[in-house]
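K.L.:
make a model of this:
(one chain, ligands or ions: 1)
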Amino acid sequence: MQLHYIANAGIASTSGRTIPVVDPSDGQPFDEIQRGTAEDIDAAVRAARQCFDSVYSRMAPVERGRLLARLSALVAEHADELAALEQRDCGKPTRQARADALALARYFEFYAGACDKLHGETIPYADGYSVLTWREPHGVTGHIVPWNYPMQIFGRCVGAALAAGNVCVVKPAEDACLSLLRVAELAAEAGFPAGALNIVTGYGHEVGDALARHPGIQHISFTGSPNVGTLIQQTAAERHCPVTLELGGKSPQIVFADADLDAAVPTLVNAIIQNAGQTCSAGSRVLIDSVIYEPLLERLGRAFEALRVGPAAMDLDLGPLIRQSQQQRVWDFLSDAQVAGIPLVAQGTVVEEAPDTGFYQAPALLRDVPPDHRLAQEEVFGPVLAAMSFEDEDHAVQLANGTPYGLVAGVWTRDGARQLRMARRVAAGQVFINNYGAAGGVELPFGGVKSSGHGREKGFEALYGFTTLKTVAIRHG
Ligand code: NAD
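P.N.:
Below is the predicted model:
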């Protein structure tokens, strides 16, 4: 049975209750996590505050950097163990789970190096004054993490927060706690003082809500659905607590007639099947120049038909979805599409070895999706690619920007001027030209516009969000 991790120790919830942990590959429970309470959150916030006041805020940046560097090394050393935990917990194929563990190590490595390079400025102001700015940590930061990439999302928000001098209280998703609880133990082993990193598990409407409401939390980073993001921002607004929101997307991959299709096809497919489509930045719409619509759909169809889905440990193209309700969600989208007469071009295969009790979904490619259909507007969060054609650049931009979201976009063209025009015109936090995702680079600021959220994580930019700027004006005559 798993415990909360507060002040470098495993602690049972005051509720005396637990939540079963289910393996998505066979639908069977195999462990339990604590069903946390508002009192548990309060204990974690107190431990964090104590740590911040007595130790962490007094530590030199270079010391924080050394702690993060040690944690990075420990995570890399335990990558197989962490990957195995997350594989069973979340149904991730082996290569994906291992890549996520190594990405976590990389986040800590990047932010270890950034700790002692974050500084303010001096501002030439007026005769008789010296003006300087300091970047100060918020203090106790709250982090609400989803289940799709627990290690990666934890790495990008907690890594940056700790580097900037904050201490953390983390609420992982109820479906994905195991790897993060182990990382908290590794943080203690790396030398982080008790209270610097605390993890409280449980349901969103119980502990997540308690975290967002707690007056001792001075910044909240939330990654998850737009609905919950709205609730958290409303709650935080009551006490004017700053919030970073990383929400969903309906990201377009735009393919012009002059694109290198040999390079594009595998990337277009991978951008929607990675993590079984449960990726906020999934390239879930492919917008295709009408000149190449039929031939490209044919190639994509062949690629989809070759895809295989099965138990995570088989390490196929896709593992299962996280839980039964997510599987039902994908089925609902597909049956709505069928009712609307949207043609299915191709589908992958669920292998025979996949137990009936697991949460499997064959990836699907649909064509001629009307731009106003929910399949073109809403996030499926499953391996479903919606294809539509465009006539010219203006039409492509109109379709690309025609959803409530704006997280990521991909543009495929050899025309350099068009590359830049499209990058400017598409509403998104990241635009990729002739690639998609840039292999996830931790250095690259990430976040959305419109309903995809606000604030930036990853890269150096994230450090600014985890600090507040103080201006000091000295009148010395
Ligand atoms: P979710 O919003 O249901 O849950 C996210 C987290 O919020 C979980 O830890 C959950 O327990 C917690 N939560 C739920 N209700 C809460 C409440 N009332 N108060 C406080 N916390 C609460 O989302 P999910 O199902 O875990 O993840 C899928 C969604 O997240 C998708 O929409 C996806 O696009 C989005 N997502 C976005 C990013 C990004 O970086 N932009 C990354 C991953 C996932």
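K.L.:
name the helices or strands packed onto the longest helix along the chain?
P.N.:
Ranked by number of residues, the top helix in the chain under DSSP state H is helix 94-114. Packed against helix 94-114 by the contact rule (3 or more CB pairs under 8 Å, 6 or more residues apart in numbering; DSSP states H and E) you find helix 61-77, helix 79-90, helix 150-163. No exception for glycine: its C-beta is placed from N, CA and C like everyone else's.
K.L.:
strand partners (parallel or antiparallel) of the helix or strand just after it?
P.N.:
Next along the chain after helix 94-114, taking DSSP states H and E as the criterion, comes strand 122-123. Here strand 122-123 is paired, per DSSP bridges, with strand 129-137 (antiparallel).
K.L.:
what parts of the stretch 301-450 of the chain come near the ligand?
P.N.:
Those residues of the stretch 301-450 of the chain that sit near the ligand, judged by CB under 6 Å from any ligand atom, are 379, 381, 407.
K.L.:
now the first one: closest residue in space that isn't a chain neighbour?
P.N.:
Counting by CB to CB, 6 or more residues apart in numbering, E379 lies nearest to G248, which is 4.3 Å off, once chain neighbours are set aside.
K.L.:
follow-up on the earlier one: so which of the helices and strands packed on helix 94-114 is nearest the ligand?
P.N.:
helix 150-163 (5.9 Å; CB to the nearest ligand atom).
K.L.:
what is the closest one packed up against?
P.N.:
Counting by 3+ CB pairs under 8 Å, 6+ apart, helix 150-163 packs on helix 61-77, helix 79-90, helix 94-114, strand 140-144, strand 167-171, helix 178-190, strand 219-223, helix 461-465.
K.L.:
send the alpha carbons of the third one over as CSV?
P.N.:
What follows is helix 94-114 as a C-alpha-only set of coordinates in CSV (Å, rounded to 0.1, in the frame of the first residue of the first chain):
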residue,chain,number,x,y,z
THR,A,94,8.1,0.1,-22.4
ARG,A,95,9.8,2.6,-24.7
GLN,A,96,7.5,5.4,-23.8
ALA,A,97,7.7,4.7,-20.1
ARG,A,98,11.5,4.7,-20.2
ALA,A,99,11.6,7.9,-22.4
ASP,A,100,9.4,9.6,-19.8
ALA,A,101,11.7,8.6,-16.9
LEU,A,102,14.7,9.9,-18.8
ALA,A,103,12.9,13.1,-19.6
LEU,A,104,12.3,13.5,-15.9
ALA,A,105,16.0,13.2,-15.3
ARG,A,106,16.6,15.7,-18.0
TYR,A,107,14.2,18.3,-16.5
PHE,A,108,16.1,18.1,-13.2
GLU,A,109,19.4,18.3,-15.1
PHE,A,110,18.3,21.4,-17.0
TYR,A,111,16.9,23.2,-13.9
ALA,A,112,19.9,22.2,-11.8
GLY,A,113,22.0,24.2,-14.2
ALA,A,114,19.6,27.2,-14.2
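K.L.:
restricted to helices, list the residues of the stretch 301-450 of the chain next to the ligand.
P.N.:
Per DSSP H, helices hold no members of these.
K.L.:
in ChimeraX, how would I select just the buried ones from those?
P.N.:
Listed next is the ChimeraX selection for buried residues among these, using 16 or more other CB atoms under 10 Å:
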select :379,381,407
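K.L.:
before we move on, the earlier item: so of the helices and strands packed on helix 94-114, which one's packed in deepest?
P.N.:
Across those, the average number of neighbours (mean count of other CB atoms under 10 Å) peaks for helix 150-163, which reaches a mean of 28.
K.L.:
pull out the buried residues from the longest helix of the chain.
P.N.:
Within helix 94-114, the residues that qualify as buried are 94, 96-112, 114, counting by 16+ other CB under 10 Å.
K.L.:
hmm, that helix touching the ligand?
P.N.:
No. Counting by CB under 6 Å from any ligand atom, the ligand has no neighbours in helix 94-114; the shortest distance is 12.3 Å.
K.L.:
cool, stretch 280-295 as well?
P.N.:
Yes. Judged by CB under 6 Å from any ligand atom, stretch 280-295 comes into contact with the ligand at C280.
K.L.:
buried ones in that stretch?
P.N.:
Neighbour-count burial for stretch 280-295, with 16+ other CB under 10 Å as criterion, is recorded at 280-289, 292-293.
K.L.:
no more questions from me, cheers.
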